[in-house]
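In: Sequence below, structure please.
(3 chains)
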Amino acid sequence: MADLSDDIVTMEDIHKSFPGVQALEGVDFRLRRGEIHALVGENGAGKSTLIKILTGVERPDRGSIIFDGKEVNIKSPQHAQDLGISPVYQEINLCPNLTVAENILIGREPMKFGGIDWKTMNSRASYILDGLDVDIDVTQTLGSYSVAIQQMTAIARALDISSVKVLILDEPTSSLDVHETQELFRVMHKLKNEGIAIIFITHFLDQIYEITDRITVLRNGRLVGTYPTDSLPRLELIAKMIGRSLAEYDDMKRTKIESSQNIKKGDSLLDAKGLGLSGSVEPLDLVLHPGEVVGLAGLLGSGRTEIARLLFGIDKPDSGEVNVGGQQVTDHSPIGSIARGVALCPEDRKAEGIVGELTIRENIILAMQASRGFFKYLTLQQQYEIADRYIKILQIATPSADQPIKNLSGGNQQKVILARWLATNPQILILDEPTRGIDVGTKAEIQKLVLSLAEEGKSCVFISSELEEVLRTSHRIVVLKDHKKVTEFPGEVDGHKIMQAMAGSEQ
Amino acid sequence: MKHKIGAFVSTNRRFIPLFATALLFFIAYGVGAGFFQGMRDPQIFLNLFRTAPFLIIAAVGGTFVILTGGIDLSVGGVIALTTVASAALLRAGWDPWIVMLLMLTMGVALGATMGWFITYLKVQPFIATLAALWVTRGLCFFISDDSISIDHPTYKLLSQTKILIPGLSDPATKEGDFISLLVVLAFVVLAMAMYVAHYTPFGRAVYAIGGNEQSARLMGLPVDRTKVLVYTLSGFCSALAGITLSIYVGSGHGLYAMGFELTVIAAIVMGGTMLTGGAGYIFGTLFGVLILGVTQTLIQFNGQLSSWWTNIVVGALTLVFIGVQSFLAAPKSRRPSDQMAGLMLRRNRKSLLMGAGTVLAMIVLGAFLFRMIIPSTESTACTLKPFRQDQAASLIQGGAVIAYERHGGPACIDELYAIYPDGRIKGDDGDRTVEKQATPAEVETLLSGIQNLGWFTEDIYSTWHTPCGQCYTYYISVSHDGQQKTVQAVDGGTDAPSDYWQVVSLINGLIPRLP
Amino acid sequence: MKQESKTSFSWRKVTESRLFFPFSALALILLFDLIFVPGFFNVQVRDGNLYGNLIDILRSGSTVILLAIGMTLVIATGGVDLSVGAVMAISASVAALMINPYVLATQLSPETQRLISDPNFTNQPLWVVVPVTLIVASLCGLWNGILVSYARIQPMVATLILMIAGRGIAQLITNGVRIQIFYEPYSFIANGWVIVPFPLYIVAFMFTLTWLLTRRTAIGLFIESVGVNARSSFFSGIDEKRIKLLAYTFCGFCAGMAGLVASSNIKTSDANNIGLTLELDAILAVVIGGTLMAGGRFSLLASIIGALVMQATTISMYAIGVPANAVMAIKGLVVILVILLYSEQVRNVLRRLTAQRKEA
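Out: Numbering: from 1, shown residues only, chains lettered A, B, ... in the order given. Take a look at the predicted model:
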């Protein structure tokens, strides 16, 4: 239990926007002393922006922050550290080539006679790690240790600042195994007992329920609410994270889709048996029929994107096999997939989708041209034809096809990437979060497009964290949890049942 | 016992590249000493260091830059500019210590400017330092087209000061094995650099930036300031190297240290420092320099391979080192978290294996090279002595129009001839002398022939490379019509201007042969 | 936003075009010449051939232009090739050796002496020499490409190796001897004149070939795509490895071409000096032309103009009497100026200054 019942951090009415996107809108956040507080939300909910504001990396457009009783204006990461706010990021921001001791103490090295006192530094680092019950040789380079140890080192560094009051752990358990996670929790309990408040960002629901006192849920840049962990059932938590109240999900059935009669159950466009990749996807079976839209439902981190990557050939599986169009797949690669008529519209459009400096036209025809090879070059006229056609079909807002794609809004960029894959005339189209960051009208268009593709006898795999979208668009829903396929729901099903499967428990 | 060894290796596994380099050096030297009698002379070992000080000093500065993941291509230009500017100022009568101070200040200013461009204007280090190379080298030629010799007694003193090695030399006769003052300077610089790298926050910040610049920033380290400082340091070291070079060769010329920046990089890489930054030891750079020296020495002793083999060997060695480095390093990943997780664990097991593989590969490469050397007959050691510059100069002062020195060759000679306008020709090789009387007209013809070949224009310039066993090296001073110019060259390569050899053959046609 | 027709002329299009900056730089230098160097632009006609300073710029710049064409592709993939100078030396050695292999013998009989100095003599016909040389040069480029793509070595480092070792290899081929080439048709490559110097035709041919290869096939698009975002390109089915391999091989091919021209110019194979520091000129030509060293969009024409900027600077400096080696300093300053003008920071400062002035 918390020692004192007052807050150490009070953030009120925080607003923050970036070009083209409102990251946070009127968010309140309160952190009590000595509590472990979970901060959850799906992609784009605003968690990282909120943390960046608290740690001084970003400044809020509006709103106030009260820290330890005083109103503050956090100007820089250094300032935040001086206040006693210590972040440990998901990506271990340490230097793998330096020793463990150095990583903990660099910038604050103990000195002797004008030079670094290595002996004291090493013993001091050992001492700090001892406090976390970690017993390693601090004179070895950080890079030679496992991620778990590296994370502990990061935490040790964060704690070494005198007067740490708030520790922020951003997805600390992503690369830890069960045992290591338990060790981390033990450390967190210890720190909590010392009066340090911990913000724990994670997508592992089990962990939230194991260790946290309260949960704050964000969604689409807004605060959904803050709840004591004990009083919020798992199912309700999920409902809040992905959009509707539980009651609404109770009522939401999949809208009947007329085209379901076109599905040729006998044929299969894709047949995966035992397909898996260690560390990424547990072996699963998946069948896609012509004329069918299959939705993949699951929380962040459940393995949806990983499956998409396996199906498209970005990752090579180490178990199982896939048959496309009756032929077994032997060359797992994007170009092979395109040749077979499989297309993937990726989740991270900035890093995996758009080629920023290239024009809309070039981005649209890119995959199509790749499948034609070097020499069957589409003439400029052909390219413009194709580009203009898709600009019209998808209603991409741009003065011309010669705009560099990076100038477009996120939603329009997404449309261009979609156009790219449609242009390859695929039999199987995998869409990973196609509607993220897109306005409502366009979302509806995309969903309609997916259904119309199905009507043409193709098959779509539709991945989204918005459950109502998946429900509205899919003929069949596959539920994933913790990198494993949990179950399938063919035909009509209650939203409630899907949620239960996602949560992995009966509640 | 085995457990202890295993533990020892495991705790020190990050020193493996350093050990590997050192090992290769000792193996190379050992094999060479085994086959070539002359190499067993300790003076040969010390000679390795004689031409090394400027390389060591410049490479030490360069190591810091490369540790941050950058690169400094301006080294050769700064060195050349330092030599030329020093020589010009000394000739104008400036005090030598002030000149040296000024040169160091120039190096610092240049380095700081480059660092500023790279850090704050975000210019790529490659381009920024390349531009600096051009500007500095070009500036040399605004000062002077020819080499300017340095006559200042202080410089001469510094160049000739020998420090005798206790136990290997006889203080009474001042004979025996020695190292020059400049080498001591180089070692002092090396030691200071090692201290800075390992015992100062600045040094640790350098390593941190090389490891992960973004992390270093997030950890609160003064990244920008450190980056500017490393280039400043490199500029300082280049200037200091230039000063040592000008002391050693006694002159300044814009063509000195051509391509030197590549030699520096090769030495640094072979010393175990990775070009991607963050890994490597200053001490390793010393070994990189030594390996380059040993390669040259081996080729020289072999006598059958020309000096351009050095280039190939250096290139091949660099390839091996870089290849292994790249193989060991994780490719810059887009998903650092899972990359780190998987790769780090694998690395623990692999690094020892790779370290062993590295050493093995290098032993194989070394052995291959030496097998090429084995069939050759032992050649007598022909230690390179410096030119008898003072003697030549005084001959010219004494009225000679041509001072012509030739040494090396299969018989390892050292002959110095003086030709006087009245036709007298005197020659000696330290033991014997010879004289001949030619006609003044013949001397006049010779002189105008030399002049017509462009001796006093920029078409004829000094060059130097380590000579092959059979090759001669030449040092020719000509004084005619109020102009005086000294040009040195080495036989057997193609770097010297072709007309130089015409001059040599003209002179050879006139001088008498020693008995 | 107003719809801009693809063909209409607008001042804005001109200033925003990729060619604007390098072209202006060139125009500035020529303006400088117009004012300060009388008679710079004189063109004489002799025996139906054109001569003059402008022609000289084009002719002496032809090797750098050839290198710049290949270098543009490599830099567009986000890499760099430092070894082109050394590859030039290797090509020159190979070509010279094929024409005159006798020179390697230690003793030459007087008949052989006379034979090899005959301008009509060559051991291999030109139509064998040229392709073999180009193949060897391409293999050098392929070597670089393999190191970069498959061994995943940083381009600067990978090509540094051939840069160091390459000259040694060139010497090895000719056993250290500078081979004189007396064969007349070979000399024509660089010294011949058909209205304009022959190298200009070679340049025109290479430019056309490269343009066809990059703009009339998908190769140019793929190179740009890989240079901008290799990962997205991978997702779209583009094989980054093969594209890079192609770029480096082609760069080697261009270097081979340049080596032929350079050695033909001096009628020898000078392994030490041919192409010395030219790799830097080539890189700078590409940078001046506006292709980012990080990779992405490229323009062959802009690189050529960049090369001409460098060359025009050099020749203008000669024309006003700057000593040959000192011109390097001027080139360095030009580079610094260009880098500054292309730099984001400086542009922001300029924009802020001009915006303030507008408000005032």
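
In: can you pull the contacts of C:I65?
Out: Residues near C:I65 by CB atoms under 8 Å, 6 or more residues apart in numbering or on different chains: C:203, C:285, C:304, C:307-308. In short, each C-beta sits where N, CA and C put it, glycine included.

In: Now it: closest residue in space that isn't a chain neighbour?
Out: Counting by CB to CB, 6 or more residues apart in numbering or on different chains, C:I65 lies nearest to C:A307, which is 4.6 Å off, once chain neighbours are set aside.

In: which element is that neighbour on?
Out: Per DSSP states H and E: C:A307 is located in helix C:300-319.

In: tell me the pLDDT at the closest residue to A:Q90 other than its chain neighbours?
Out: Nearest residue to A:Q90, sequence neighbours excluded (CB to CB, 6+ apart): A:E171, at 4.0 Å. We have a pLDDT of 88 for A:E171.

In: same check, this time on the one 10 residues further on
Out: A:T181 is assigned a predicted lDDT (pLDDT) of 87.

In: With B:V78 instead?
Out: Note for B:V78: predicted pLDDT of 95.

In: and the gap between it and chain C?
Out: According to CB to the nearest CB, to the nearest Å, B:V78 and chain C sit 13 Å apart.

In: That residue in helix, strand or coil?
Out: helix (DSSP: H, G, I helix; E, B strand; the rest coil).

In: if I read this right, it contacts B:F236, doesn't it?
Out: No - assessed by CB atoms under 8 Å, B:V78 is found out of contact with B:F236, at 9.5 Å.

In: Which one's more surrounded, those two?
Out: The neighbour comparison of B:V78 against B:F236 (other CB atoms under 10 Å in any protein chain shown) goes to B:V78, with 35 against 24.

In: In contact with that one, which residues are there?
Out: B:107, B:110, B:132, B:136, B:235, B:238-239, B:242.

In: B:T129 versus that one, what's the distance?
Out: When distance is defined by CB to CB, to the nearest Å, B:V78 is 10 Å away from B:T129.

In: Do you know the pLDDT at the most centrally placed residue in chain B?
Out: Centroid-nearest residue in chain B: B:L55, 4.3 Å away (criterion: CA atoms, centre = their mean). Per-residue pLDDT puts B:L55 at 91.

In: In which helix or strand does it reside?
Out: Applying DSSP H and E, one finds B:L55 within helix B:53-67.

In: Which neighbouring elements make contact with that helix?
Out: helix B:75-91, helix B:181-199, helix B:201-211, helix B:223-249, helix B:260-270, helix B:282-302 (3 or more CB pairs under 8 Å, 6 or more residues apart in numbering or on different chains; DSSP states H and E).

In: what's near enough to touch the closest residue to A:G56 other than its chain neighbours?
Out: Closest residue to A:G56 apart from its sequence neighbours, by CB to CB, 6+ apart: A:A80 at 3.7 Å. Contact partners of A:A80, counting by CB under 8 Å, 6+ apart, are A:54-56, A:74, A:87.

In: How about residues contacting stretch A:388-395?
Out: Contacts of stretch A:388-395 from elsewhere in the structure, counted by CB under 8 Å, 6+ apart, are A:360, A:364, A:396, A:398, A:401, A:415-416, A:418-419, A:422-423, A:442, A:445, A:449.

In: so can I have CSV of these showing secondary structure and pLDDT?
Out: Shown next, in CSV, are the contacts of stretch A:388-395 (DSSP: H, G, I helix; E, B strand; the rest coil; pLDDT from 0 to 100):
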residue, secondary structure, pLDDT
A:I360, helix, 93
A:I364, helix, 94
A:I396, coil, 86
A:T398, coil, 86
A:A401, coil, 88
A:K415, helix, 89
A:V416, helix, 92
A:L418, helix, 91
A:A419, helix, 93
A:L422, helix, 92
A:A423, helix, 93
A:T442, helix, 74
A:E445, helix, 77
A:L449, helix, 82
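
In: By neighbour count, which of these wins?
Out: Greatest neighbour count in these, by other CB under 10 Å, goes to A:I364: 31 neighbours.

In: Wait, it touches A:T424, no?
Out: No - contact between A:I364 and A:T424 fails when scored by CB under 8 Å: they sit 10.3 Å apart.

In: Now do the same for C:L142: helix, strand or coil?
Out: Under three-state DSSP, the three-state class of C:L142 is helix.

In: quick one: contacts for the residue lying closest to it once chain neighbours are set aside?
Out: Spatial nearest neighbour of C:L142, excluding adjacent residues (CB to CB, 6+ apart): C:T249 at 4.7 Å. For C:T249, the contact set (CB under 8 Å, 6+ apart) comprises C:138, C:141-142, C:145.

In: Can you pull the phi and psi angles for the closest residue to C:D270 other than its chain neighbours?
Out: Spatial nearest neighbour of C:D270, excluding adjacent residues (CB to CB, 6+ apart): C:R178 at 5.7 Å. Main-chain torsions, C:R178, degrees, to the nearest 10: phi -80, psi 110.
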